[in-house]
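Visitor: the following comprises the amino acid sequence and a computationally predicted model.
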There are 2 protein chains.
Amino acid sequence: MSDVSEVKRRFISSWGEMGTCWGINRTMAQIHALLMVSHVPLSTDDIMKELHISRGNANMNLRDLISWGLIRREVKIGDRKEYFVGEKDVWKMFCTIVRERKKREIEPVIKALEMCLGEVHDKKTANEEARLLQSKLDELLEFLRMADGLMEKISRQESNKIVPMILKTLK
Amino acid sequence: MSDVSEVKRRFISSWGEMGTCWGINRTMAQIHALLMVSHVPLSTDDIMKELHISRGNANMNLRDLISWGLIRREVKIGDRKEYFVGEKDVWKMFCTIVRERKKREIEPVIKALEMCLGEVHDKKTANEEARLLQSKLDELLEFLRMADGLMEKISRQESNKIVPMILKTLK
DNA sequence: TGCTACTTTCAGAACTGATTGAAAAAAATG
DNA sequence: CATTTTTTTCAATCAGTTCTGAAAGTAGCA
């Protein structure tokens, strides 16, 4: 019984570590892990107690997880508290993360590159310097758009059939 | 002329921002950007001057970029200084990043999950709690192994033909 | 070998982002 | 509407990273 809790705790800790190196805050990843392996909805207080974190911290990260679409609120009738449940389908969870990272990490860079390119175009100083910069930015932009498209399509396929198929295709 | 520098500066700044939200330090991403759009090798001093950073900072992040395989040293004959050049092929750069992130972000979680699962197995307390945890961890592990395999294969194809092909396959 | 040019290291400063906890706000209850 | 319960906010604090700059280390050269 407490052995299982021990393993859970270990999993939560690893998932938190992973979050850290993915640029996601540790607590957010830990809450996510906790809700993934919990088969009952948990209240803010449950989460505070389990992870030894403050109310404010729990609240903030729960909001963030909801805004990512990785967990959702759930109300129990006859209980004022809010409860939270994690997305149970691993594939859906993955699609959500891909979509969200695309939006937060890829799209802004594409926009910025487009602006840079616009400006290089405007300059009529068609010197070597400008030409080289432009071709490099073009190349990067084309690449990022491709990555963007790939993430878009993968994340829209709400099925786990696609990746195995791709894997077969690739040598 | 200085217009081009202005655009360069903008690009470097965006790339640095991107680094930040990818969990990579800002300066490292900026140096990478600088070397990507520079058509000549740059010395540590060039980089310090361009980005207004200290020698220690430049040195440290140059080391890190080399360890990622994103830039390399280059020596000019008759010059004691070290110069640095960025990988010019965008596709190769991408493969490097995928490989590196897989190694740093996916593999450790797979190892941790395998350990957790090993422990759940050991416990003979075959209660509901343990069963549920095990099935969840199994699911996550299977998924991560798939992602790992995909990253492995994509990053081994040192060609930009693959992704367009995949894109065509997907609806 | 001593001189010079350059690179690396590292202790502390500065910065950034995460966390707390108490107070304010909001929502449910009777 | 007053009371109670729960959620949200936010200024202050804390922790972890990054950055600096000077000192130590290394390597080429005469």
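Guide: Perfect, I can see it now.
Visitor: the helices in chain A, which residues?
Guide: With helices called from DSSP state H, chain A shows them at A:2-21, A:26-37, A:44-51, A:55-68, A:90-101, A:107-122, A:128-156, A:162-169.
Visitor: kindly report the residues of chain A close to DNA strand C.
Guide: For chain A, the contact set with DNA strand C under C-beta under 7 Å from any atom of the strand comprises A:25-28, A:52-57, A:60-61, A:78, A:80. In short, each C-beta sits where N, CA and C put it, glycine included.
Visitor: so which of those is the most crowded?
Guide: Ranked by neighbour count (other C-beta atoms under 10 Å in any protein chain shown), the residues of chain A next to DNA strand C have A:N61 at the top, with 23 neighbours.
Visitor: which ones are touching it?
Guide: A:N25, A:T27, A:M28, A:I31 (C-beta atoms under 8 Å, 6 or more residues apart in numbering or on different chains).
Visitor: surely the last one touches A:L65?
Guide: Looking back up the chat, that one is A:I31. Yes - assessed by C-beta atoms under 8 Å, A:I31 is found in contact with A:L65 at 6.2 Å.
Visitor: and the two? which has more neighbours close in?
Guide: A:I31 (30 against 21).
Visitor: out of the helices of chain A, which comes closest to DNA strand D?
Guide: In terms of C-beta to the nearest atom of the strand, the element of the helices of chain A nearest to DNA strand D is helix A:55-68, at 3.3 Å.
Visitor: so the closest one, near DNA strand D or not?
Guide: Yes - for helix A:55-68, a contact with DNA strand D is found by C-beta under 7 Å from any atom of the strand, at A:R55, A:G56, A:N59, A:M60, A:L62, A:R63.
Visitor: make JSON lines out of those residues and add distance to B:T44 and pLDDT.
Guide: JSON lines is the format used below for the residues of helix A:55-68 next to DNA strand D (distance: C-beta to C-beta, whole Å; pLDDT from 0 to 100):
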{"residue": "A:R55", "distance to B:T44": "48", "pLDDT": "98"}
{"residue": "A:G56", "distance to B:T44": "44", "pLDDT": "98"}
{"residue": "A:N59", "distance to B:T44": "46", "pLDDT": "98"}
{"residue": "A:M60", "distance to B:T44": "41", "pLDDT": "98"}
{"residue": "A:L62", "distance to B:T44": "45", "pLDDT": "98"}
{"residue": "A:R63", "distance to B:T44": "44", "pLDDT": "97"}
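Visitor: what is the nearest of the residues of chain A next to DNA strand C to A:V7?
Guide: A:V7 lies nearest to A:H52 out of the residues of chain A next to DNA strand C, by C-beta to C-beta, at 18.2 Å.
Visitor: contacts only, for the residue most central in space within chain A.
Guide: Centroid-nearest residue in chain A, with C-alpha atoms, centre = their mean: A:I97, separated by 3.4 Å. If you count contacts by C-beta under 8 Å, 6+ apart, A:I97 has them with A:W68, A:L70.
Visitor: need the pLDDT of it.
Guide: At A:I97, the model reports a pLDDT of 90.
Visitor: from chain B, how far out is A:N25?
Guide: Here the criterion is C-beta to the nearest C-beta, to the nearest Å. By it, A:N25 lies 10 Å from chain B.
Visitor: which residues does the residue nearest to that residue when sequence neighbours are not counted contact?
Guide: Nearest residue to A:N25, sequence neighbours excluded (C-beta to C-beta, 6 or more residues apart in numbering or on different chains): A:G19, at 6.6 Å. By C-beta under 8 Å, 6+ apart, A:G19 lies in contact with A:N25, A:R26, A:M28, A:A29, A:Q30, A:H32.
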